[in-house]
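# For reference, the sequence and a predicted model appear below.
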Amino acid sequence: MTQWVSGHVARKTQWSDTHFSLAIEADGPAFLAGQFIRIGMDLGDERVGRPYSLINPPHERLLEIFFNIVPEGPLSGELAALEIGDPVWLTAAANGLLTLSEVPQTTRDLWMLATGTGVGPFLSILQTDEPWERFDTVVLGYGVRYVCNLGYRELIDRLVERHPERFRFVPLVTGETLGGALQGRIPENLEQGRIEQRAGITLDPSRSHVMLCGHSGMIGDAVAELEKRGMKRHRRRDPGQISTEKYH
């Protein structure tokens with residue numbers, strides 16, 4: 001049986017008509033950067049819950065999620081309507097393997113490729129000390145359809161300023177043009193070498209690990225392209241160079 005703890009909305013950010021963030025005040029749960037929890041609301045006589053990755057690093061008190069309204073979805077529209085002080089439920093335990101503890105110690109270059117709100121676990125990881133202590137280079141590729149949905153730019157800019165020698169940020173936009181951003185989807189830009197060119201390093205199976213989070217179509221196509229380069233999915237018993245988390 002799912003164990004729930006109560007919380008309330010402490011901060012709300014509206015990035016666009018469809019994309020929102022909520023920071024929640026609650027007692028727990030403890031988690032590793034990159035993990036997710038389930039957020040729930042009592043709708044009618046049913047408690048409806050869905051998984052959301054945490055944006056904040058584990059050392060911060062407020063638990064923050066980044067989400068978009070899913071048409072016909074049972075929960076996202078209700079979450080978007082919440083205001084500061086409104087109650088919300090969350091699970092008493094966090095889950096997920098998209099964490100740095102799952103990345104082989106031989107990795108020198110960490111690649112994080114995300115679409116939409118799938119950037120969440122990577123932002124949590126990037127606000128901890130571990131990636132900057134472990135890796136020579138960290139690349140964040142962040143793809144969206146429209147510029148207005150490119151959330152947390154101020155946070156990303158601060159990370160660029162703080163780690164100028166190690167951090168490479170590569171924005172990608174499919175539905176319009178943004179100066180400084182690549183045009184098109186992550187898989188096509190991988191195939192054509194544009195992400196590597198922009199990042200200034202090469203995807204090398206001997207030293208690179210790629211974490212993918214977001215739309216299942218992006219993940220499937222990106223994995224297929226990476227496999228052409230000699231990479232394979234990572235498993236504890238069979239270490240590889242690709243870790244995934246699907247948001248769809």
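Perfect, I can see it now.
# Name the residues of the helix with the most length in the chain that are buried.
When the chain is parsed with DSSP state H, its longest helix is helix 216-228. For helix 216-228, the neighbour count (16 or more other CB atoms under 10 Å) marks 218-219, 221-223, 225-226 as buried. Using the backbone N, CA and C atoms, a C-beta is placed for each residue, glycine as well.
# so how far is the next helix or strand after that helix off the chain centroid?
Per DSSP states H and E, helix 216-228 leads on to strand 242-246 as the next helix or strand towards the C-terminus. Computed by CA atoms, centre = their mean, to the nearest Å, the separation of strand 242-246 from the middle of its chain amounts to 10 Å.
# Tell me what angle strand 242-246 forms with helix 216-228.
170 degrees (axes from the mean of the first three to the mean of the last three CA atoms, to 10 degrees).
# What lies in contact with strand 242-246?
For strand 242-246, contacts defined as CB atoms under 8 Å, 6 or more residues apart in numbering pick out 36, 53, 96-98, 102-103, 118, 121, 209-216, 219, 223, 226, 231-234.
# List the buried residues of it.
242-245.
# what about the nearest residue to V223 once chain neighbours are set aside, distance to I84?
If the residues on either side of it in the chain are set aside, V223 comes closest to I242, at 6.0 Å by CB to CB, 6 or more residues apart in numbering. Using CB to CB, to the nearest Å, I242 is found at 40 Å from I84.
# cool, and Q35?
25 Å.
# Which one of those two is surrounded by more residues?
Of the pair Q35 and I84, Q35 is the one with more neighbours under other CB atoms under 10 Å, namely 23 against 12.
# Just list whatever residues bridge to I24.
With DSSP bridges as the criterion, I24 is bridged to V9, L63.
# my read: it touches V5, true?
No. Applying CB atoms under 8 Å, one finds I24 not in contact with V5, separated by 10.2 Å.
# Look at those two and report which has more neighbours.
Per other CB under 10 Å, whichever of I24 and V5 has more neighbours is I24, with 24 against 14.
# got the contact list for that one?
Taking CB under 8 Å, 6+ apart, one finds 7-10, 39, 62-65, 88, 90 in contact with I24.
# Neighbours of E78, how many?
If we define neighbours as other CB under 10 Å, then E78 has 15 of them.
# Could you check the pLDDT of it?
For E78, the pLDDT comes out at 97.
# which ones are touching it?
By CB under 8 Å, 6+ apart, the neighbours of E78 are 41, 43, 48.
# cool, T106 as well?
R207.
# next one: phi and psi at it?
T106 has phi and psi values of phi -80, psi -10 when expressed as degrees, to the nearest 10.
# If I look at it, what pLDDT would I see?
T106 is assigned 95 on the pLDDT scale.
# Which residue, neighbours along the chain excluded, lies closest to T13?
Closest residue to T13 apart from its sequence neighbours, by CB to CB, 6+ apart: S21 at 4.2 Å.
# wait, doesn't that neighbour sit right on F66?
Yes. With contact defined as CB under 8 Å, S21 reaches F66; the gap is 4.9 Å.
# which residues are common contacts for the two?
Residues touching both S21 and F66 (CB under 8 Å, 6+ apart) are 55, 151.
# Could you check which of these two is surrounded by more residues?
Looking at S21 and F66 with other CB under 10 Å, you find the greater number of neighbours at F66, namely 23 against 18.
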